[in-house]
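Chemist: Provided below for reference: sequence and predicted model.
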Amino acid sequence: MTLALVLMSKQFNGAAAYDFELEKGTKRPVLPPVSGRMWPTSIAMELARRGHETTVVVVETSAYLARRFAAVERMEHSVREGCKIVYTDDVDAIRDLLVPADAIVIRDHHARYAEIFDRLEIGDRPVVQIMATSLTGDPDFVPPGRRRTLLVNDESEVTRFARLYDRVEVFRKPAAPEFFEAPPRSPGKSFDVISIIWDLALPRKRADLLLQSLPLLDKFADRRLQVGLVGDASPKFALRVSALNAALDKTEVSLLGQLSREGVRETLHRSRVSVVPSSIDPNPQVIAESLACNVPVACASDLTGGRFQITPRTGEFFEPDPDDLARTLWNMLCRERDYEAATGAISIEEAADQMERLLGRA
């Protein structure tokens, strides 16, 4: 099978740590290692390893990257693990890449896809659209053709989009392989509660909600508790944490800053409970990685995206209220042995199995 995966550059790059790097002395963009945070590309590479001729088309939409890579030709490609990755903003070039493909996978619902697929004959070729974000209305773009499958990240969306697509299924975001393996020398559990928020100042991430819950959690505690926050903290936020630590009796909050991929993995493996206070997580990477590390997850009851991964065996929901969050965290810490969090995680290989099944259907 010849497969083409199309995605926007901001989706491809994800966190800044996985941006392109330019090879010294050349104009060639060099891709970072395969990672769960680049899961569409990771799945494409897994399909290439299985013998499918696979091309990833990265459509440039970022003004920042356009400036950064002004020296790069309009169309450049490299090959990673048998998968060709093309970086371009040329619509005609993109169409040329899609014409010979037996099947097409589209990441998300960007309005620019309408321009790309205009006048492109799809016919009976299967098209799979992976919707990472939960929408309040219809997608900006519904692909043409007669074999259209939509993959969503929440069971509640299956019925809602059924009228627009031939098939709608739930897609669980995979975690990178290294998250399923404990570090070779694990120093034990360093954090009772870990929250990987990345941008602590972003209101929808609700780091404030977690901080407001800690005085009550401190009252519940019958032992010393360590709470870790991963992400960029402003000086004002750091001062607030310092004042909170001074007021708490048995609980200590540590600001861990931005961590590398290995740092995230090691920190999760050293944690008892992971908490996602966010109201919106359209790309629930933290949930997938926490479950892969066998760490149960506490999620806000109004979380949009990834909710179906939280079951009585993998975690708990809490109301977006400091008191309920504190009670939920303490109950989870007391019942730590009741969870089998790894049952909620899937690997890149399993995600590729689902993709093969969908693309191979008649």
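Modeler: Happy to help now that I have it.
Chemist: What separation do you get for the spatially most central residue of the chain and Q354?
Modeler: In the chain, the residue lying closest to the centroid (CA atoms, centre = their mean) is Q285, at 3.2 Å. Counting by CB to CB, to the nearest Å, the gap from Q285 to Q354 is 18 Å. Where C-beta positions appear, they are placed from N, C-alpha and C, glycine not excepted.
Chemist: same thing with S42?
Modeler: S42 is 14 Å from Q354, by CB to CB.
Chemist: ranges for the helices of the stretch 251-362 of the chain?
Modeler: Here the stretch 251-362 of the chain has its helices, by DSSP state H, counting those that start in this stretch, at 261-269, 285-292, 322-334, 348-360.
Chemist: Can I get the last one in CSV, CA atoms only?
Modeler: Output for helix 348-360, consisting of C-alpha atoms alone and laid out as CSV, is shown next (Å, rounded to 0.1, in the frame of the first residue of the first chain):
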residue,chain,number,x,y,z
ILE,A,348,2.5,3.1,18.5
GLU,A,349,2.3,-0.5,17.1
GLU,A,350,-1.3,-0.9,18.3
ALA,A,351,-2.2,2.5,16.8
ALA,A,352,-0.7,1.4,13.5
ASP,A,353,-2.7,-1.8,13.7
GLN,A,354,-5.9,0.3,13.9
MET,A,355,-4.7,2.4,10.9
GLU,A,356,-3.9,-0.7,8.8
ARG,A,357,-7.3,-2.1,9.6
LEU,A,358,-9.1,1.1,8.5
LEU,A,359,-7.1,1.6,5.4
GLY,A,360,-7.4,-2.0,4.3
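Chemist: related to what we said a few turns ago, so which of the helices of the stretch 251-362 of the chain is the most packed in?
Modeler: With neighbours defined as mean count of other CB atoms under 10 Å, these peak in mean count at helix 285-292, which reaches a mean of 27.
Chemist: how much does that one deviate in direction from helix 261-269?
Modeler: Inter-element angle recorded for helix 285-292 and helix 261-269: 60 degrees (by axes from the mean of the first three to the mean of the last three CA atoms, to 10 degrees).
Chemist: helices and strands around helix 285-292, which ones?
Modeler: strand 191-199, helix 261-269, strand 271-276, strand 297-300 (3 or more CB pairs under 8 Å, 6 or more residues apart in numbering; DSSP states H and E).
Chemist: rerun that using 6 Å as the cut-off
Modeler: Counting contacts by 3 or more CB pairs under 6 Å, 6 or more residues apart in numbering; DSSP states H and E, helix 285-292 packs against no other helix or strand.
Chemist: List of residues touching that helix?
Modeler: With CB atoms under 6 Å, 6 or more residues apart in numbering as the test, helix 285-292 has contacts from 173, 175, 179-180, 196, 268, 274, 276, 297, 306, 309, 314, 341, 344-345.
Chemist: from the chain's centre, how far out does it sit?
Modeler: 9 Å (CA atoms, centre = their mean, to the nearest Å).
Chemist: hang on, the earlier thing: filter the contacts of helix 285-292 down to just the buried residues.
Modeler: Taking 16 or more other CB atoms under 10 Å as the criterion, what is buried in the contacts of helix 285-292 is 173, 175, 179-180, 196, 268, 274, 276, 297, 306, 309, 314, 341, 344-345.
Chemist: Next, give me the two most distant ones among these.
Modeler: Using CB to CB, the two most remote members of those are F180 and V276, lying 19.6 Å apart.
Chemist: which residues touch stretch 95-106?
Modeler: Contacts for stretch 95-106 (CB under 6 Å, 6+ apart): 1-6, 55, 57, 120, 125-129, 143, 359.
Chemist: returning to that earlier point: ok, which of the helices of the stretch 251-362 of the chain comes nearest R167?
Modeler: helix 348-360 (7.7 Å).
Chemist: Which strands or helices does the closest one pack on?
Modeler: So helix 348-360, by 3+ CB pairs under 6 Å, 6+ apart, packs with helix 39-49.
Chemist: Sheet-wise, list the partners of the helix or strand that the helix it packs on is followed by with their directions.
Modeler: Using DSSP states H and E, the helix or strand that directly follows helix 39-49 along the chain is strand 53-59. Paired strands of strand 53-59, with direction, are strand 2-8 (parallel), strand 83-88 (parallel) (DSSP bridges).
Chemist: Include mean neighbour count and mean pLDDT when you put those strands into CSV, please.
Modeler: Output for the strands paired with strand 53-59, formatted as CSV (neighbours: other CB atoms under 10 Å; pLDDT from 0 to 100):
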stretch, mean neighbour count, mean pLDDT
strand 2-8, 22, 83
strand 83-88, 21, 79
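Chemist: Figure out which of the ones you listed is closest to Q258.
Modeler: strand 2-8 (23.5 Å).
Chemist: relative orientation of that closest one and helix 39-49 in degrees?
Modeler: Angle, strand 2-8 to helix 39-49, by the same axes, to 10 degrees: 170 degrees.
Chemist: For strand 2-8, which outside residues touch it?
Modeler: 40, 44, 52-57, 59, 61, 97-98, 101-107, 110.
Chemist: Right, I'll call it a day here.
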